[in-house]
Structure formats: C-alpha cells, structure tokens
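Q: coords below, sequence missing:
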C-alpha cells in the first residue's frame, strides 16, 4: 500500500479534521501518501484530489467542520458513478479509501467495497446514532455547546422565573438531549427513544419550583416534535405557565472540538490506516467501553438501533421526581 | 443619606449584577446601607426588599442575568402604584432609588421623581439603544456571544459552501448586527437604521464567492424582518443559492459578562451612589467617548434616536464591495 | 436511613458541585435529608453542618470548585478526631456519610468505616489517578482547559515559529498531559508513567518542522520535572532552538465543568445514595468502560497504580515519528 | 497607488489578522494589490513577499497571532538594511507600507519614512501602552482572557478560602491589570503607574474577608515585580495568610480575538489604506473617544507616557475601602 485517500461526507461534525490528521500523520509514519478527496463522493467521482501534508493538518485540528468539505450527491447511489469513482482512484494509483461520516457515508463506502475497492469507515456525526459504536466524532463537542447555551438561557430564565424548552439536535437519537439535560440539571428530558406524558412533565416542572428552583429547563430532542408544538402542548396542561421555546439549530454543529472529540478522532484516523495495512476492509473504527473497537459496516447498516443511555435518562427521571 | 435601594427591571442583561455590586461596594465605602428590591417595580410596590451584603455580590459579578430578578408590571403606569412604591420605601427609611434597565425602566423611575422621590438610572439593555449614552450594559457580551455563534455557524457554512443568514437581537438598533457583522467578516449587514437592496446583497455575496470565499454570512437585526422572510426574499433574486437562516434568540442575553460590561457596569453603579450623595436626581449614568457621563432622563425619553455607528456600517459596505 | 451527610475534601475539582447535587436530588427522591459538611473533615469534627436544599444546588451545578469548601486537616489521622466526627454525626442523627475527593479523602473515610460508621466515596480529582476507576470528577474539564490554553499558546508559538513546553498538572499521572497532548497535536508528551529520551524529543520536534509545521508543542506532566529544568535540558541537546516554557498551574483546577464531568458526577452522587440505601459501605463509585462501577476503598488504597492509557501515549509516539 | 505591502512585527496580538483583512479588503475595494511581508522587517529586507487574497484572510480573522509571522531583527536599526528594504519594495513595484505592531515596529517604520518611503502604522500590542491612542489591537482580548483565568482561579481560591496573586502582562502599563481587576472584583490592583503600600493591600484583603468574602484576588502587573517576590513581601506583613501566586504568561497573548479587537483592527486596517490614498504618511491609526483618530509617529515615539485610566484604578481603591 503506497497511497490512500480520505473523504468526509454528510453533515459536518467537529473533530473530522482531527480524524484526517490522524490518517495523514499515521500514514506518514508508515511512509504512505494520503490524498484528500474534496466534496465527498462528488469529488471522488470527479477526481477532486489533492495530496495532504502534515502542515495542512496542523492548523486544522482545532477547527470545527471539515476542511475537505462535504456535498450532497444522490447520484452516487447509481453503480455507474461508483465505478467511475473506483476508476478515478485507480488512475491516481490510490489503493484504499477511508470515509468519515454517518450512515449515508458508510452506505456509499459499502457500495465501493462491493465493486471491489478496499474501504474503512470512521463514524462522524454529532447525533451519536450509529449502531455498534458508543461514540461518534462530534458528539462530545455538540453536547458541550448545547450545555453552554442552556447555561446562558438559564441566566435569562432565572431572571424572569421562566421555563425554557430548548430544542437540541437528534432526529433519531436522544443522546445530546440526555447528556446536556442531566448536565444542566434539566427538569425534564424528552427523547425519541422514550415515551413521555405531558402531564408528568408539567408536574415535574412545577414540583421543582415548589422545591425552590427559580427557573426550569426542558431539553427536547428535535426528533420528537418541534419546540413550538411542544410549548403549545405544555400550555394545554398549564395555560398560565410562563414558558418559551428556543432552537439551538446549526450552532451545535460547529466550534472548536473538545479534547475527547479530537483524541478519539485522531485515534480512529490513525488506526484506520493500520487496519488497511493489516488487510482489513469493510469495517469501521469505533469505541466500545472507552477502547478502540471495529465493527462490520454491512451489519451496522442493517441494525435498526444505536446504543441508548437508558441509565442516564432514568437518572433524570429519578432526580426530578419528588 | 443612610439607606438606598436598587432594582433591575425589563429584559435582563449580562453585567447587571456587576452594576449592583458597584452600588453595594461604593455605598459600603460611604457607610450607606443598600436594600435590593426583588422583581423590579412589582417588588417595589409589594415591599420585596432585602439588605444586600458585599458577600452577596462577590459571587454574582460573573453571572449573566440579574440576581434581583425582573418582572413585567404594567400596573406601575398608574399613579396609585407609584405612590404605594414611595410609601414602601419611606416606611423602610430608604432615601433614594437606583434603577437598572432600559427605557421602560427609566420611564418608571421618572414617575417616581415626579412624585418627589430621588432616583438615578443605569442603562442596562443588550440592544445599546438608549439615546445619549454610547454604551449600555450587556451590549459587549451580547455582541461577543453573537460573534462566537457566527464563528461556529461559519464552520458548518464553510464545510458545505453555504450562505447563512444569522438573525441577532435589535428591534430598533443595529448595533449588535453591525459589530458582530464586521467582526465576523460578514458579506452583508442588515440593520433597521439603513435601507438595503436585496439585489445588492445578493451581488455582494456572489462577488465574495468569486473572490475565493468558501462560504457567506449575512447578519440580520431582528427589527428589519424575520430570518425566514429574508431567506425567501433572497431566493426570489437567486433561486438556486444554498442559503439557510438561523436565529440566535435568547442565547445572546445570557452568559458570563465580558470585562468591558463588568467594568463599565461597576463604574456606573459606583458613580450612581456618588451622584445621589451629591444631590443629583433624575439623571442616568452613561458613557460618552469612553468616559463616564450623565444624561437627563426626561430628555432621554423624548429623544427618538440613539447613537448609530454609521462609520462601521459603511466600513462593511466598502469592504464587501469589489 | 433518614438523614445523610456529604463533604468534599482535598484539592477542589470542577464537577464536585454536580456530585453534591446528585446526592441531594436523589436523596429527596427517596425522602432522605442531606446535610452538607463545610470544610471537609475539619467541619465534620467541628460540627459545621447545614441542611442542603434543591435550591442550593441548582445554581451551583455549573460552577467549578466546591461550595461546601475544603480544608487541610492533618489532625484527622488521629483516632480521637475520628471518634469526635462520628459523635458529631450521631448527635445530628446522621446515618451515613458520602465523601468526595482523592485518595487522602478516601483514607479518612476508611478510618470512619473502621470505627463503625457507614461511608461511600466518590472520586473527585482532576489528576484521574485513583486506582480502579477509569474516570475521576474534574479530569475532563481540566483536560479541556489545558487544551484551550495550549491552543492559545499555539497562536503565539506559530507567530514566532517557536517551541513551547507546557507544564500541566499530574504528579503521578500523565492523563491530562496525554489527552491534551494528543488533542493539540503535540510533538511530544512527557509523562511520569513512561521514560523519555531528550535526544528523541528533540528529533521529533525538528522532524515536525522539516515536515512543514510552523511551531512545536511539548506537553509535560508536572510529576516528571519542572518546566524550566526541561527547557534547560532541551537546550543541552539543541542550544540554538527557540524554546519557551509555560506552567498552567491553578488555572486547570477551575472553570465551569464540562458535560461529561457534570453527568458522571451527578450519576455517581445519585448512585452513592442508592448504594447506602442498599446497605453498601466502604466502597466508592467509579466508571469502568463508560458504565457506573463500584470499587472497594480499602483495596484501592493498597493499589499502587491507576489505569494508564498506554494506547494514547503510543499513538502520539507513532504520529510524531517520521 | 497600485500595490502596497503590509507586515506585522514585535510581539503578536490577537486581532492582527483582522487588521490585515481590513487592509486587503479595502485595497481590493480600491483596486489595489496587497503584498504580505512574512516575518516582519526580516522578510522586508529579504524580499519574503506574497500576494494576499481575500480568501487568505477570510479564515484568519478569527485566529489569534499573525499569519504573516513575526521575527526579531535587530539588524534593521542599521541604515544599510533600511535601504535594502526600500530597494526590495521598489523592485516589487510596491508604493507604500503598512506596519502593525508596537513602538519598536513604529520606530522601524519611521526610519523607512526618513529614507523617503511612505508608511502608515497600526498599533498592535496587548499592553495598550502606545502614547496617543486609547486602544491598541489585542488589549480587549488579553483583558478578557486574563479575566476568564481569574474567574477560574477564583473557583479554587473560594474552595479553600485562599488569596491568589495573579500576575498579568504589562511591563510599563497597568491597563490589563486595571480592567481585569475591576471586572473580577479584585481586592487590590497593583500597576506600574501608581505606588502601593503593602500594609494597605493586606488591610483591604483582610477587610474584604471580614465583610464576608470567601476568597481574595490581587491582580499584579508584571512591570511592578514578580509574583513570587510579591507573595514574599505580603507574607512579611501577614505571615499566616494563605496566599498563592500564579502567572498567566503567554496564555494572554493568544486566543480568538473579541468583537472589539476585530472591529477596531478591521477599521484601522481599512482606514490605513484610505490614508495612503489620501497621501498621508508617517502617521498611525488609533482610537480616541471610541472614534478613529490619527497620530504622528515621530511625535508618538518621543512621548513618554500612554493614557492611563486613573478613574478605574481609583474606582477599585474606593470599592475595596471599607
């Protein structure tokens, strides 16, 4: 193996640049060249490659987003495009590809493996919703950004004795909501993986006030419902309650990655190179019990559900039940 | 003068606690007691007073919001309530009142002055929209929070080569938008104090891209229009443009105040006490040319317009015009 | 069990307040009262107790340090003082004690257990050096603060093409150095758990420069040697090298805790209450493989060595070896 | 004027990159090319020039340090080197030079002006110590970083009821100390521009404790004395006092610039270009009363003293005197 390529695809996540750095530095250690593919699968098909240097990566490790860029590219579902991608890599003497992204990204990689090209995946998505691994790149940063914003909102909520519903990201996964909720001392956490009863939510909020709290926070994962709908439903139960909704939206995606996101991203990037050298293919690098672990991509894409921290969700239920 | 009171009213702003600290510590220096009025004018009428200690303030100086709380209280427009407030203060042997807030807060104080009670104002509102002073408490923090969020959004915008419209606070004033816009290198800044032409906005954004920028930022003050309406109007001019809107909302109000907000708030709080000792009444403490200055509240409330940084707005127009 | 007490002791760590909150809220859930002991074992002996409310904790969860305070108290090694402490608790009808701190704190608790009083420990120390658990409260925040400072130093280092040696905390444990070092893309990481060769460090730094890096960072755990001594030794090998040292010192201990520190601290606090209710005694709550786990305190104190992330240390060696 | 150059020199300061951006974007607006000079006067003599694009600057505006780098270069005091620099610029058809830095940088520019080359200065130094202007680039960021660190140290100080002496930058100017000190509620501020009496400092600290404060902060500008010496002297007066010293050192120089630093840097950069177009020469761009102002460089270098905020220093004296 003399030359490999790396791309990012799908939604950006803080720490992706650290993963690229892990790939480039570890490859240099083994005397392998790394080509960056710009704009994900689109760039792969169009041959938008550039040799990456250690210098390129040094400065980017602390930046959010991905300096290889990302792009939507539905065409890649067609085999003709997949074959074109392989052709581009072969004509550039690239022996293997590392992809960084979520399940859509992994699916693209699986197609390349099926047509005979070696690939390894790295899970990059703030939602932490990939089956198998307990951790995906960007989750820790997104959670800490969400927490910082909830802390800010708490200042205003407290000043006016208000309840705020804060909508955080998570279409299918309540991980950001659960961690940011427990960390901020939220009165209620609403996630897609668990049913909730609005009467019960209202009761917890009001009991918290009776216990002396000067404001209340509800953390809502976007996958459950929109924040405006939630506020309306809350008001059906307690019409006089002073309650506001706020959506964190794209703020959570960016920002300088945390130590954890940079370290695990670097580790997975470096170990993806080692895995390729060991002849591995069709797997992705993940974390299980805080240690590096590998998972089969094909199996992962057939899994329906990611790992859920029911213990933390239950912890919040206990702590707010008086 | 042996005992004074202080209250916060209207929307909370980071630095209000530092102003309270300035009042309490300077009063202690002069041997005067300070009573905190909880929940603004409502607490004033209801007699919700508590003696403030140096210890109370030490810990709060770095917190956003107001630890004296705030509350809506439209009743205070009626003279009966104003007289009740004066009665409460007199029965507690309070000789004068310092109010911290925006123009609604100042208006309440003016009524008290009219019925014969000594008052001094301190401008606390993130919008920076009070006529006379160049600076209001919370503006610097809100601007830096807005900037930090725009930086985060830029990571995502760049990763996908997108344009983001970021709606910041400012119903009548474009100060947050102007400062955060210039600071973030925005392609366009839209404020209530200046007309804009959407064709021109689109041209600037697209020219920026032609010059090599990998993303674009438009900063929009809420007073102009909502962000969704803005995005729709933008798309009427350039329908294929990849553009998204995001609203920072309440996030901007909270958070630990900056050095500037804490220093000027402390200065104004301390000097308000000195002003009362000097027999001044009906004025508010402000900043002009970076120095402490005082302004007449009655005149201020008749003024229509605050100071606008047209030079910075024009600077952005120049910098983005190629 | 009707009433329990909680104390913090030893060096403060961000997240201790969240652990206290976990104790108080979970106890309230079970209908148990919690008394806070102020100033650690000193307060225990002197009976400096106060009932803690949910309101007390709400505001503190996001603050570094410990609102129960800490104090040095070597007297507690003597049995007379231990018996006095038990007496104080019994006369206040306190049935059990939860202690938050490092190995010194755990040792004090063990003495209380020996004289017949039920205790549970929670590991709170930024050094992450307690045998058994993979995680201690404050480690994640300290690592992220160290990383943020290294990022700042990198700006200056790059502007002048300099090498900076950054001394971080860790007398016996290189965890902060290892995580912050990998996360910042350090050229070398020096920890107490591994030997190093200065010739090799210099080679890595200079090779990094040849690869195009515009500055270099060496992260040094304080337990190895002081930063000035390190710089002198470096200069013995490469006398002309532009190298500076900086010590992060107490900065690392404070600051608002991260989501991870708050969540795990809350979890351990709550589960410590459950453990007491289950009749457990003499154990401490920890984390193993990202899940809650319990460990025997007596065994822990006989262990010599904590868990070391040799994989991450080796990762840095690989990444910087060209 | 068709082509100008820009360099940074001396110690780096956050916001220098925004000033470069102001130069480049405003020059583009006027159809002028900008060449970046790398490594300050050294690069000027050696002809280390590169054309700067809008793209170069977009990404750097939020980074601390200077992407044009800086370097020590005592040789530039000799006329032969100055003439060589002018020759390099002329052979590259560069018509004028903008320099960003402190008084050493301005002195170099003055020499170029004397040998007939048009120059404009921009004040970039975190110390805020340049005569004439009230503001220099980097001061606001450095102050806020110092404040953030003092807040962190306060967590630890409070947990152990300790006094911390925090040494901040400022060899000749106490501006960072004064602003960070007032903002953090420091018990004492020690600056080069004012004498102090250790007995008085100790009295203020101890009076603060008697008033209920749980810790104390003294902010010391480095120009007065080292922090260890200060702690020793403090202990001569109050030997039993629990007091520690910490030096912020290089941490203060870096980090993402604040809104204020970016806005004023951008303004000064853009207006420096306008000034060159207007035929101005030998001046520097500054801020007076929050507005852009220009100052003569030759006069500035003969001035002994910068503007000092005696009002804020006195404010601290009042607030801590009970």
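A: Right, received. Where do you want to start? Note that the structure is a prediction, hence the values are computed from the model and not measured.
Q: when you work out contacts or count neighbours from here on, use the C-alpha atoms and nothing else.
A: Will do.
Q: helix, strand, or coil at residue A:223?
A: Secondary structure assignment for residue A:223 (DSSP: H, G, I helix; E, B strand; the rest coil): coil.
Q: chain C versus that one, what's the distance?
A: Distance of residue A:223 to chain C, given as Cα to the nearest Cα, to the nearest Å: 21 Å.
Q: likewise for residue A:309?
A: 10 Å.
Q: what's around that residue, how many residues?
A: 16 (other Cα atoms under 10 Å in any protein chain shown).
Q: now do the one 10 residues further on
A: Other residues within reach of residue A:319 by the criterion other Cα under 10 Å amount to 27.
Q: next helix or strand past the lowest-mean-pLDDT helix or strand in chain A?
A: Using mean pLDDT, DSSP states H and E, helix A:54-58 stands out as the lowest-scoring helix or strand of chain A, at a mean of 90. Using DSSP states H and E, the helix or strand that follows helix A:54-58 in sequence is helix A:79-91.
Q: give the pairing partners of whatever helix or strand comes next after that following helix; include direction for each.
A: Remark: after helix A:79-91, the chain's next helix or strand is strand A:96-101, criterion DSSP H and E. Here strand A:96-101 is paired, per DSSP bridges, with strand A:3-8 (parallel), strand A:119-123 (parallel).
Q: ranking the ones you listed by burial, who's on top?
A: Neighbour counts (mean count of other Cα atoms under 10 Å in any protein chain shown) averaged over each of these peak at strand A:119-123, with a mean of 29.
Q: what's the model's confidence in it, averaged?
A: For strand A:119-123, mean pLDDT rounds to 98.
Q: list the contacts of that strand.
A: A:96-102, A:106, A:109-110, A:112-113, A:130, A:136-137, A:268-269, A:272, A:275-276, A:280-286, A:297 (Cα atoms under 8 Å, 6 or more residues apart in numbering or on different chains).
Q: just the buried ones out of the residues you listed, please.
A: A:96-102, A:106, A:109-110, A:112-113, A:130, A:136-137, A:268-269, A:272, A:275-276, A:281-286, A:297 (16 or more other Cα atoms under 10 Å in any protein chain shown).
Q: give me the residue from chain A nearest chain C.
A: The minimum distance from chain A to chain C, using Cα to the nearest Cα, falls at residue A:289 (3.6 Å).
Q: I'd say that residue and residue C:287 touch.
A: No - taking contacts as Cα atoms under 8 Å, residue A:289 lies outside contact range of residue C:287: 10.0 Å.
Q: who has more neighbours, those two?
A: residue C:287 (20 against 14).
Q: so the host helix or strand of the more buried one, near chain A or not?
A: Counting by DSSP H and E, the element that carries residue C:287 is strand C:283-288. Yes - Strand C:283-288 comes into contact with chain A (Cα under 8 Å from any Cα of the partner chain), by way of residue C:288.
Q: follow-up on the earlier one: can I get the strands paired with strand A:96-101 in TSV including distance to residue C:79?
A: TSV is the format used below for the strands paired with strand A:96-101 (distance: least, Cα to Cα, whole Å):
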stretch	distance to residue C:79
strand A:3-8	62
strand A:119-123	55
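Q: in contact with residue A:212, which residues?
A: So residue A:212 contacts C:54-55 (Cα under 8 Å, 6+ apart).
Q: okay, it: pLDDT?
A: 93.
Q: can you classify it by secondary structure?
A: coil.
Q: same thing with residue A:34?
A: strand.
Q: from the stretch 151-300 of chain A, which residue is nearest to chain D?
A: Closest point on the stretch 151-300 of chain A to chain D, by Cα to the nearest Cα, is residue A:256, at 10.8 Å.
Q: tally of neighbours for that residue?
A: Neighbours of residue A:256 (other Cα under 10 Å): 23.
Q: go ahead and confirm it touches residue A:64.
A: Yes - the criterion here is Cα under 8 Å, and residue A:256 meets it with residue A:64 at 5.0 Å.
Q: okay, and the common contacts of these two?
A: In contact with both residue A:256 and residue A:64: A:14, B:152, using Cα under 8 Å, 6+ apart.
Q: what about stretch A:254-264 and chain C, any contact?
A: Yes - interface with chain C: stretch A:254-264 contributes A:258-260, A:262-263 (Cα under 8 Å from any Cα).
Q: of those residues - the most surrounded one?
A: That'd be residue A:262 among those, by other Cα under 10 Å, with 32 neighbours.
Q: the helix or strand where that residue lies close to chain B?
A: Here residue A:262 sits within helix A:259-277, counting by DSSP H and E. No - judged by Cα under 8 Å from any Cα, helix A:259-277 makes no contact with chain B; its nearest approach is 15.7 Å.
Q: packing partners of that helix?
A: helix A:16-29, strand A:119-123, helix A:139-159, strand A:283-288, helix C:139-159, helix C:175-184, helix C:310-319 (3 or more Cα pairs under 8 Å, 6 or more residues apart in numbering or on different chains; DSSP states H and E).
Q: for the residues of stretch A:254-264 next to chain C, which one is nearest residue B:25?
A: residue A:258 (38.8 Å; Cα to Cα).
Q: now for the nearest residue to the closest one once chain neighbours are set aside, how many residues are close by?
A: Sequence neighbours aside, residue A:141 is the residue nearest to residue A:258 in space, at 5.4 Å (criterion: Cα to Cα, 6 or more residues apart in numbering or on different chains). Residue A:141: 29 surrounding residues under other Cα under 10 Å.
Q: isn't residue A:72 up against residue A:10?
A: Yes - counting by Cα under 8 Å, residue A:72 touches residue A:10, with 7.0 Å between them.
Q: neighbour-wise, which of these two wins?
A: residue A:10 (24 against 14).
Q: and that one, what does it touch?
A: Contacts of residue A:10 by Cα under 8 Å, 6+ apart are A:40, A:70-72, A:101-102, A:104-105.
Q: can you classify it by secondary structure?
A: Residue A:10 - assigned by three-state DSSP - is coil.
Q: tell me which parts of the stretch 101-250 of chain A are close to chain C?
A: Counting by Cα under 8 Å from any Cα, the stretch 101-250 of chain A sits next to chain C at A:143-144, A:147, A:151, A:179-180, A:182-185, A:211-214.
Q: now with 6 Å, please.
A: A:144, A:182-183, A:212-213 (Cα under 6 Å from any Cα of the partner chain).
Q: wait, doesn't residue A:284 sit right on residue A:293?
A: No - judged on Cα atoms under 6 Å, residue A:284 makes no contact with residue A:293 at a distance of 8.5 Å.
Q: show me how chain A divides into domains.
A: A:3-138+A:257-302, A:140-254 (automatic domain parsing).
Q: circling back: pretty sure the residue of chain A closest to chain C sits against residue C:289.
A: Yes - Residue A:289 is within contact range of residue C:289, at 3.6 Å (criterion: Cα under 6 Å).
Q: who in chain A is up against chain B?
A: A:64-66, A:69-71, A:152-153, A:155-156, A:159-160, A:251, A:254-255.
Q: please identify which of those is nearest to residue B:321.
A: residue A:69 (26.6 Å).
Q: shouldn't the closest one be in contact with residue A:39?
A: Yes - contact criterion Cα under 6 Å: residue A:69 and residue A:39 qualify, at 4.8 Å.
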